[in-house]
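> here is a sequence with its predicted model. Questions after.
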Amino acid sequence: MEYILQPWPWYVSGPCIAIVMFLLLYFGRTFGMSSNLRTLCAIGGAGKRVEFFKFDWKSQRWNLVVVLGAIAGGFIAHHYLSNPINIDLSQNTVEDLKALGFENAGQSLLPPELFSWDAVLSIKGISILIFGGFLVGFGTRYAGGCTSGHAITGLSSLQRPSLIAVIGFFIGGLIMIHFIYPILF
Amino acid sequence: MGKYIKFFVVGLFFGIVLVKSEAVSWYRIFEMFKFQSFHMYGIIGTAVATGIILLLVSNQLKIKTINGSNLKVPLKERGLTRYILGGIIFGLGWALCGACPGPMYILVGTGVFSIIIVIAAALLGTYVYGLLRNKLPH
């Protein structure tokens, strides 16, 4: 139990994620978390206006159930299986974040500077969340997958399109952290 | 209802793994893009390595899915533009809000309800992609 309560090392977590991917393939499905965004748009009636959302979303219900499970898993892991909650970040990261105005990096799962209600209620705070979320939703559908679909499933099956997409993920991420963050924060 | 239970259990396991590995943490994503820790690279690297082995072995053993069909990963369409441009756009957003789609849902479970704003914006982004799809280079 002691081992479960501690943060899990990468060499345990990575193989566990591969098992998730493999189980879904074994059940005759594929691992892809962002597809649910398209399904939710379709459920909301987007198919009436846009062709892209005109599909039988009921065939995707299994994936929404995966999402429900993931939410429950997040709840259980955070409330019952985490002790301590602190994240053991590298000292350089903590210092770099401090220079950008993020205090106490790693003392919580997410920085209160971005996700606390005080932050969300500021123009800058809510703009960052909306803009970031929009780019993720737009980019993942444009690229045809996200971290689960391309980085895990696509790379595991040695597909070149997924390798290109993952390179794109990193180009975008590096531009954001190294060039845009210093302007934003 | 019964046929959905296994998907719920897989999701449950996925949610627990991503929280316990700290991959849902904005801080870990920042640290990854700063190359200041091996942690995230270790997770993604061992996930892919294990995935490759699992797929090779299941291919060798000709393991079938529970539906009786061959177990295989659907192939992505060939192309370059959509993967590189879409990938870059995704990466910008991933680094900005520190969450990709899986962690977005999982974070709701951990009680960070402001992430729902990010999910709503991601739905909007998906919708706008659907609107512009025929005008974008793929």
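In hand now; what should we look at? The structure displayed is predicted, hence computed values, not measured ones.
> going by C-alpha atoms from here, please, whenever you check contacts or count neighbours.
Fine.
> below-threshold pLDDT in chain A: ranges please.
Within chain A, no range satisfies pLDDT under 70.
> actually chain B, not the one I wrote
Ranges of chain B meeting pLDDT under 70: B:1.
> residue most distant from the centroid, it?
Distance to the chain centre peaks in chain B at residue B:61, reaching 27.2 Å (criterion: Cα atoms, centre = their mean).
> got the phi and psi for it?
When read as degrees, to the nearest 10, the backbone of residue B:61 gives phi -80, psi 0.
> which ones are touching residue B:28?
By Cα atoms under 8 Å, 6 or more residues apart in numbering or on different chains, the contact set of residue B:28 is A:89, B:22, B:40.
> which SSE is residue 41 in?
No chain was given, so I picked chain A. Element membership for residue A:41, per DSSP states H and E: helix A:35-43.
> think we crossed wires, I meant chain B
helix B:39-60.
> related to what we said a few turns ago, turn the contacts of residue B:28 into JSON lines, columns for neighbour count.
Formatted as JSON lines, the contacts of residue B:28 follow (neighbours: other Cα atoms under 10 Å in any protein chain shown):
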{"residue": "A:89", "neighbour count": "17"}
{"residue": "B:22", "neighbour count": "26"}
{"residue": "B:40", "neighbour count": "21"}
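> relative to residue B:95, which of these is nearest.
residue B:40 (13.3 Å; Cα to Cα).
> with just CA atoms, put the helix holding residue B:41 into CSV.
Provided in CSV are the C-alpha atoms of helix B:39-60 (Å, rounded to 0.1, in the frame of the first residue of the first chain):
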residue,chain,number,x,y,z
HIS,B,39,10.2,11.9,-15.9
MET,B,40,7.8,12.5,-18.7
TYR,B,41,10.2,11.2,-21.4
GLY,B,42,10.5,8.1,-19.3
ILE,B,43,6.7,7.7,-19.2
ILE,B,44,6.2,8.2,-22.9
GLY,B,45,9.3,6.2,-23.8
THR,B,46,8.4,3.1,-21.8
ALA,B,47,4.8,3.4,-22.8
VAL,B,48,5.8,3.3,-26.5
ALA,B,49,8.4,0.6,-26.0
THR,B,50,5.9,-1.6,-24.1
GLY,B,51,3.3,-0.9,-26.7
ILE,B,52,5.6,-1.9,-29.5
ILE,B,53,6.4,-5.2,-27.7
LEU,B,54,2.8,-5.9,-26.9
LEU,B,55,1.8,-5.3,-30.6
LEU,B,56,4.6,-7.4,-31.9
VAL,B,57,3.9,-10.3,-29.5
SER,B,58,0.2,-10.2,-30.2
ASN,B,59,0.9,-10.2,-33.9
GLN,B,60,3.2,-13.2,-33.5
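> for residue A:37, grab the count of nearby residues.
Residues contacting residue A:37 under the criterion other Cα atoms under 10 Å in any protein chain shown number 23.
> in which helix or strand does residue A:12 reside?
helix A:10-26.
> residue most distant from the centroid, chain A?
residue A:48 (28.6 Å).
> surely it is in contact with residue A:55?
No: when contacts are counted by Cα atoms under 8 Å, residue A:48 is not listed as touching residue A:55 (10.5 Å).
> shared neighbours of the two, anything?
With Cα under 8 Å, 6+ apart, residue A:48 and residue A:55 have no common neighbours.
> distance of the closest residue to residue B:110 other than its chain neighbours from residue B:15?
Of all residues not flanking residue B:110 in the chain, residue A:75 sits nearest, at 4.7 Å (Cα to Cα, 6 or more residues apart in numbering or on different chains). Residue A:75 sits 8 Å away from residue B:15, going by Cα to Cα, to the nearest Å.
> same deal with residue A:178?
29 Å.
> and for residue A:8?
13 Å.
> tell me which of those two has more neighbours.
Counted by other Cα under 10 Å, residue A:8 and residue B:15 do not tie: residue B:15 has more neighbours, with 34 against 17.
> mind checking the SS state of that one?
helix (DSSP: H, G, I helix; E, B strand; the rest coil).
> dump the residue contacts of it.
So residue B:15 contacts A:69, A:70, A:71, A:72, A:73, A:74, A:77, B:103, B:106 (Cα under 8 Å, 6+ apart).
> packing partners of the strand or helix carrying the second one?
Spelled out, it's residue A:70. Here residue A:70, judged by DSSP H and E, is contained in helix A:61-80. Counting contacts by 3 or more Cα pairs under 8 Å, 6 or more residues apart in numbering or on different chains; DSSP states H and E, helix A:61-80 packs against helix B:2-20, helix B:101-110.
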